[in-house]
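Enquirer: with the input below, show me the fold.
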Amino acid sequence: MSVLRNLRTGFGRAIPVSFGIALALTQVNTSFAETINSALASAYNNNPTLNAQRAATRAVDEGVPIAKSGYRPTITANANIGLSRTTSNTTFAALGGTETNLAPGGFGVVINQTLWDSYLTQNNVNSAQAAVSASQQALRNAEQNILFNGAAAYLDVLRDRAILSFQRKSLEFLNEQVRSEQTRFDVGEATRTDVAQARASRAAAQASVSLAAANLKSSEAVYRQIIGNDPKKLSPVKGVGRKFPVSTGKGMVIAQREHPAIKSTEFLVDQAIFNVKSAESGLLPRVDLQASATRNFDQSTTTTVTNNQSVTATLTVPIYQGGAQSGQIRQNKETLGQRRIQVDESVDSVRAAVVSAYSQYEGAKASLVANQEQLKAAKLALEGAVEERKVGQRTTLDVLDTQTQVINAQISLANSNRDLKVAGYAILSAIGRLSAKTLGLQVAVYKPEVHQKAVEDKWFGLRTPSGN
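Expert: Numbering: from 1, shown residues only. Model prediction:
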């Protein structure tokens, strides 16, 4: 891209250096500039969408201890107190009536323990663990999406800043042309048409500057939304071409094996299988044990205390449940079929994404080379048009048209440069390897397994591992 640095006109003026995309993208004071990795690290740590997904994953983790509660006893305590008054009247008034006042009460403890539930609890635990694995893979996929969107937003801002710089320098150039044509018209060397053409080109350039500024504001707003801060000085991006395989076939193999979208749907299949088994357990017998200890008392003229202890084993055999359990089993089987179809759907989607990403990468590379050649040719054409204008072989309109071609070539080159870098991140995302570790981000990598292990065997406690 060094071919863009020395563009000159035949009017004895150098077209400003910032016309060159290479300089527009690289001549930045990088001593305090933000790099793409530091921007992505901010998004990784602070993006609300990603943090919400992490919270959702932690909530799914709690399904495991909830399911394991089926292995454990339940203990309840109870107490009661009351007042009772009984009156009786005799048919013989002389005998009078009777009145009894009682203050009954009591307290006790009841323990229930399931001895056998036909693998209901075991299947519930397995289902919850599969759901946790699926949620963790969904979190990985969400991380990929945020990192890709952050990289695209970063590169969009760089591109739009470069385009705005091109358009502003073009406007400066055209302002000079208007002054030059007006001067030439005043001395009789140009016509009103030459002046009008220069002014028309300047007006078009002013509109282009306004549009470029609006596009930049939009890109900066998206950057702020994803990264979490305003884009200030941004460093150039080298790209991630060395972090992914060069062939589509190798990328496809990696994606099939590693992509979190595929793995998430596969774990959802496992969850659906265990849900079917859990529902089927509702048709089988179960054995429960109950132990209780109570103390009851009645207070009248004297206090009577009764203590009672009991242990009871109960065998429950379902015979007919109104069709509800059968309906639940059929429903879970249909859900299982849906989950299996979704695996095929995710595989097809990932394959399409891999092919598309590699195609875009190759297309952007070819476009970059072509646009470099286009800009080189446009620069030479502009220099030639200006020289020919001096000897009367070209008109002012020819020079302005050629200048427009230079600007268009610079914008095309900026777009293809951006597209090539974005396509590289798209490939990493498509094969399932766009992560903080792969990119080398300076962050504490979030590990959902830590929370999972912290809660999976908790018997009690209201505070989360984070202290909430």
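
Enquirer: what about residue 312, which SS state?
Expert: Three-state assignment for residue 312 (DSSP: H, G, I helix; E, B strand; the rest coil): strand.

Enquirer: can you pull the pLDDT of the residue lying closest to it once chain neighbours are set aside?
Expert: Spatial nearest neighbour of residue 312, excluding adjacent residues (Cβ to Cβ, 6 or more residues apart in numbering): residue 290 at 4.8 Å. In short, each C-beta sits where N, CA and C put it, glycine included. pLDDT for residue 290: 96.

Enquirer: tell me how far residue 290 lies from residue 296.
Expert: For residue 290, the distance to residue 296 equals 18 Å [Cβ to Cβ, to the nearest Å].

Enquirer: number of nearby residues for the residue lying closest to residue 441 once chain neighbours are set aside?
Expert: Nearest residue to residue 441, sequence neighbours excluded (Cβ to Cβ, 6+ apart): residue 41, at 4.5 Å. Residues near residue 41, counting by other Cβ atoms under 10 Å, number 21.

Enquirer: check contacts around residue 41.
Expert: Under the criterion of Cβ atoms under 8 Å, 6 or more residues apart in numbering, the neighbours of residue 41 are 436, 441, 442, 443.

Enquirer: correct me, but the first one touches residue 447?
Expert: Spelled out, it's residue 436. No. Taking contacts as Cβ atoms under 8 Å, residue 436 lies outside contact range of residue 447: 11.0 Å.

Enquirer: which one's more surrounded, the two?
Expert: A direct count of neighbours by other Cβ under 10 Å for residue 436 and residue 447 places residue 436 higher, at 19 against 10.

Enquirer: would you quantify the distance from the more buried one to residue 150?
Expert: Using Cβ to Cβ, residue 436 is found at 11 Å from residue 150.

Enquirer: now do residue 197
Expert: Taking Cβ to Cβ as the measure, residue 197 falls 44 Å from residue 150.

Enquirer: more neighbours: which of the two?
Expert: Neighbours per residue (other Cβ under 10 Å) separate residue 197 from residue 150, with residue 150 holding more: 26 against 22.

Enquirer: quick check: pLDDT value at that one.
Expert: The per-residue pLDDT reported for residue 150 equals 97.

Enquirer: helix/strand/coil for it?
Expert: Assigned by three-state DSSP, the conformation of residue 150 is helix.

Enquirer: please look at it and residue 225 and confirm they touch.
Expert: No. At 9.9 Å, residue 150 does not count as touching residue 225 under the criterion of Cβ under 8 Å.

Enquirer: between residue 436 and residue 150, what contacts are shared?
Expert: Common neighbours of residue 436 and residue 150 are listed as residue 40 (criterion: Cβ under 8 Å, 6+ apart).

Enquirer: could you pull out the strands for the stretch 51-200 of the chain?
Expert: In the stretch 51-200 of the chain, the strands defined using DSSP state E, counting those that start in this stretch lie at 74-81, 84-89, 97-102, 105-116.

Enquirer: which of those sits closest to residue 217?
Expert: strand 74-81 (60.2 Å; Cβ to Cβ).

Enquirer: paired strands for that closest one, with orientation please.
Expert: Strand 74-81 has its sheet partners listed here by DSSP bridges as strand 105-116 (antiparallel).

Enquirer: helices and strands around the strand or helix carrying residue 273, which ones?
Expert: According to DSSP states H and E, residue 273 maps onto helix 260-281. On a contact count with 3 or more Cβ pairs under 8 Å, 6 or more residues apart in numbering; DSSP states H and E, helix 260-281 meets helix 120-186, helix 324-390.
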